[in-house]
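Asks: Build the 3D model from these lines:
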Amino acid sequence: MNPKELIKNKGLGYWICAGASVVALIMAIVVFATWSNVLPNRVTDGYVIGIVFLVAFVVQAVVTFFPVRFAAVVSVGVYGITFGVILLRIAEAIADYFNKVAYQGGNFVVCILYAVVCLVLILSSVAACFFSQTKDEKYLI
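Replies: The predicted structure is shown next:
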């Protein structure tokens with residue numbers, strides 16, 4: 001199948017997930033550029049957030065060439081893992097903000113931005129679960 005037919009055959013569910021994966025790629029770049037200044041002081045492995053955002057992008061790239069019926073469910077799982085990784089790394093910044101101390105450091109607003117964007121990606125992938133991944137309904141699995 002040539003690339004033009006491959007893209008023409010994609011359904012609405014695929015395009016929603018593809019848009020989410022592009023946002024995940026952008027977020028990975030943002031995280032790699034900002035994590036050392038944004039996350040609390042004790043977090044020395046903030047790059048892991050960027051890595052799991054990249055994993056989500058790679059999963060969508062694989063699904064482009066190997067159509068799977070429930071690919072959006074896989075995306076929901078990957079973004080769910082990403083959200084968990086984010087929460088583990090921003091907890092101290094949230095606690096400092098609500099306790100009105102600056103003990104652990106970190107930028108509360110950007111940390112919340114990481115989490116909110118990930119939640120939006122989860123919700124968009126959940127919505128994509130209700131739409132077809134391909135127009136002709138032919139799937140590898």
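
Asks: tally of neighbours for W35?
Replies: The number of residues packed near W35 is 21, by other Cβ atoms under 10 Å. In this view, the C-beta of every residue, glycine as well, is placed from N, C-alpha and C.

Asks: which residue sits closest to it in space, ignoring its chain neighbours?
Replies: Excluding the flanking residues, the one nearest W35 by Cβ to Cβ, 6 or more residues apart in numbering is G46, at 3.2 Å.

Asks: wait, A71 sits on Y14?
Replies: Yes: counting by Cβ atoms under 8 Å, A71 sits close enough to Y14 to count as a contact (7.4 Å).

Asks: pLDDT value on the residue nearest to W35, please?
Replies: pLDDT, G46: 89.

Asks: F108 too?
Replies: 93.

Asks: which residues make contact with stretch 116-135 from outside it?
Replies: When contacts are defined by Cβ atoms under 8 Å, 6 or more residues apart in numbering, stretch 116-135 is touched by residues 8-14, 16-17, 19-20, 23-24, 27, 56, 63, 67-73, 75-76, 79-80, 82-83, 86, 139.

Asks: tell me which residues of it are tucked away?
Replies: Of the residues in stretch 116-135, those buried under the neighbour-count criterion (16 or more other Cβ atoms under 10 Å) are 117-118, 121-122, 124-125, 127-129, 133-134.

Asks: May I have that stretch as PDB, with CA atoms only?
Replies: Written as PDB, here are the backbone C-alpha positions of stretch 116-135 (Å, rounded to 0.1, in the frame of the first residue of the first chain):
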ATOM      1  CA  VAL A 116      -3.000  19.400  32.500                       C
ATOM      2  CA  VAL A 117      -1.600  18.800  29.000                       C
ATOM      3  CA  CYS A 118      -1.300  15.100  29.900                       C
ATOM      4  CA  LEU A 119      -4.900  15.000  31.100                       C
ATOM      5  CA  VAL A 120      -6.100  16.600  27.900                       C
ATOM      6  CA  LEU A 121      -4.100  13.900  25.900                       C
ATOM      7  CA  ILE A 122      -5.800  11.200  28.000                       C
ATOM      8  CA  LEU A 123      -9.300  12.600  27.400                       C
ATOM      9  CA  SER A 124      -8.700  13.000  23.700                       C
ATOM     10  CA  SER A 125      -7.500   9.400  23.400                       C
ATOM     11  CA  VAL A 126     -10.600   8.300  25.400                       C
ATOM     12  CA  ALA A 127     -12.700  10.200  22.900                       C
ATOM     13  CA  ALA A 128     -10.800   8.500  20.000                       C
ATOM     14  CA  CYS A 129     -11.800   5.100  21.400                       C
ATOM     15  CA  PHE A 130     -15.300   5.800  20.100                       C
ATOM     16  CA  PHE A 131     -14.300   6.400  16.500                       C
ATOM     17  CA  SER A 132     -12.900   4.100  13.900                       C
ATOM     18  CA  GLN A 133      -9.200   4.000  13.200                       C
ATOM     19  CA  THR A 134      -9.600   3.200   9.500                       C
ATOM     20  CA  LYS A 135     -12.300   3.900   7.000                       C
END
